[in-house]
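when you get a sec, could you give me coordinates for this:
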Amino acid sequence: MRVVHDCIPPDPVANGLSEIAITRKKMSEFKPTLTEEEKAYARALMLALEPFRAIRPTMPLQYVYTFLMVATNEGKGVVGYAKDAGVSPTVMTRHLLDIGDRNREREQGFGLVTQERDVQDLRRHHARITPRGKALMHKIITALKTTPTARS
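Sure thing, here's the model as predicted:
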């Protein structure tokens, strides 16, 4: 029968290393995971998201994503955006309301998009970016353009 003994690592302090030397050694062994270029892209994304945080510091990602979906493909209805996002029309309706003129509680929304009634079919609505949404998009674009990136 094999007996396994606990292996106790040697005590670095007992071997003559000070606590400070041990800490410095551990810190000098730290290697960042991301390259400088990857960090530059992460910073660019953070700067691009700052305009959303200015509106609401805890802006849900779903709202950001919904806004960008409307910005890149205006004129769809709730069902079209829901299908593209992989969510139910009920969820997409809430997101569009919350980032729109009036939120689902009929309170002031973020005013980034508006839904216009289809003149041919009054049951349908088409989403579009508002002037406030366009201004937000310009802030995002400016942030993306002015962020320096590292070259590989």
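
just list what the helix or strand containing Val64 packs against, helices and strands only.
Here Val64, judged by DSSP states H and E, is contained in helix 61-72. The contact analysis (3 or more CB pairs under 8 Å, 6 or more residues apart in numbering; DSSP states H and E) places helix 61-72 against helix 36-55, helix 78-85, helix 89-98, strand 113-117, strand 125-129, helix 131-146. Backbone N, C-alpha and C define where each C-beta goes, glycine included.

can you find the helix or strand in the protein with the smallest mean pLDDT?
Using mean pLDDT, DSSP states H and E, the weakest-scoring helix or strand in the chain turns out to be helix 19-28, at a mean of 64.

just to revisit the earlier point, would you turn the helices and strands packed on helix 61-72 into a markdown table with distance to Glu105, mean neighbour count and mean pLDDT?
Output for these, formatted as a markdown table (distance: least, CB to CB, whole Å; neighbours: other CB atoms under 10 Å; pLDDT from 0 to 100):
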| stretch | distance to Glu105 | mean neighbour count | mean pLDDT |
| --- | --- | --- | --- |
| helix 36-55 | 17 | 14 | 91 |
| helix 78-85 | 18 | 17 | 95 |
| helix 89-98 | 9 | 19 | 95 |
| strand 113-117 | 17 | 17 | 89 |
| strand 125-129 | 19 | 19 | 92 |
| helix 131-146 | 19 | 14 | 93 |
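
among the ones you listed, which comes closest to Tyr65?
Taking CB to CB, helix 78-85 is the member of those nearest to Tyr65, at 6.8 Å.

kindly export that closest one (C-alpha atoms) in PDB.
Provided in PDB are the C-alpha atoms of helix 78-85 (Å, rounded to 0.1, in the frame of the first residue of the first chain):
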ATOM      1  CA  VAL A  78     -40.600  45.000 -33.400                       C
ATOM      2  CA  VAL A  79     -40.800  41.400 -34.900                       C
ATOM      3  CA  GLY A  80     -37.900  42.100 -37.300                       C
ATOM      4  CA  TYR A  81     -35.600  43.400 -34.600                       C
ATOM      5  CA  ALA A  82     -36.700  40.600 -32.200                       C
ATOM      6  CA  LYS A  83     -35.900  38.000 -34.800                       C
ATOM      7  CA  ASP A  84     -32.500  39.500 -35.500                       C
ATOM      8  CA  ALA A  85     -31.600  39.800 -31.800                       C
END
